[in-house]
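[1] Sequence and computational prediction follow.
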Amino acid sequence: MSDSVNAAVRVEVSAEPAFEVFVDELASWWPREYTWSQDVLEDIGIEPHEGGLCFERGPQGFRCDWGRVLIWDPPRRLVLAWQISPRREPEPDPAKASEVEVRFDGEEGGVTRVRLEHRDFDRHGEGSAGYARMLGAPEGWPFLLDRFTAACAARTSG
């Protein structure tokens with residue numbers, strides 16, 4: 001098995017708004033059922049700088065940091081430490097984090113090809129192979145990127 005999951009979509013916006021939707025508007029497309037807070041989620045986001053935290057906020061000050069920005073290169077590239085274990089629990093040890101790289105390649109006509117690679121699953125230890133399979137399955141990154149694509153489309157029609 002490959003130690004990475006690759007997925008790609010083409011969105012009908014240029015690279016800059018695609019990057020903005022992915023980062024600044026994460027709460028508009030990331031499904032609540034894919035968070036710890038679920039129905040009481042107040043916000044989910046990515047702090048816009050290297051070293052920034054990937055977080056979610058729920059009621060009464062609940063906060064869960066689920067990653068860190070490793071590379072911040074808008075509007076071309078974003079690399080995150082994915083600090084969620086195969087058991088869907090926060091993993092505070094960065095040595096046990098996989099990486100998610102997202103590239104935004106502008107094409108002619110204001111279209112952007114968005115390529116995502118989630119790699120280094122072996123860092124998660126036990127259960128890493130199943131975790132990679134789960135995130136590569138239709139309800140993993142492909143589903144998430146479909147939601148992202150719909151958010152990009154809504155931006156152009158709104």
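    Cool, the structure landed.

[2] Give me the phi and psi angles of residue 99.
    phi -120, psi 140 (degrees, to the nearest 10).

[3] how far away is it from residue 121?
    10 Å (Cβ to Cβ, to the nearest Å). The C-beta positions use only the backbone N, C-alpha and C, and glycine is treated the same way.

[4] Of those two, which one has the most company?
    Between residue 99 and residue 121, residue 121 has the larger neighbour count (other Cβ atoms under 10 Å), namely 25 against 18.

[5] Pretty sure that one sits against residue 133.
    No - in this structure, residue 121 is not within contact of residue 133 by Cβ atoms under 8 Å, at 9.4 Å.

[6] okay, which residue is most central for the protein?
    For the chain, residue 100 is the residue whose C-alpha lies nearest the centre (Cα atoms, centre = their mean; 7.0 Å).

[7] For that residue, report the pLDDT, please.
    pLDDT recorded at residue 100 is 98.

[8] can you tell me the helix or strand for it?
    strand 98-107 (DSSP states H and E).

[9] Can you name every helix or strand that the longest helix anywhere in the chain contacts?
    For the chain, the helix with the greatest residue count under DSSP state H is helix 141-157. Using 3 or more Cβ pairs under 8 Å, 6 or more residues apart in numbering; DSSP states H and E, the elements in contact with helix 141-157 are strand 4-11, helix 15-23, helix 26-29, strand 111-119.

[10] Where does the prediction get shaky in this protein?
    1-2, 158 (pLDDT under 70).

[11] same thing but 90
    1-3, 61, 155-158 (pLDDT under 90).

[12] which residues does the residue nearest to the centre of the chain bridge with?
    residue 80, residue 118 (DSSP bridges).

[13] shouldn't it be in contact with residue 120?
    No - assessed by Cβ under 8 Å, residue 100 is found out of contact with residue 120, at 9.7 Å.

[14] Dig out what residue 84 forms beta bridges with.
    Where residue 84 sits in a bridge, its partners, by DSSP bridges, are residue 90.

[15] That concludes my questions; thank you for your assistance.
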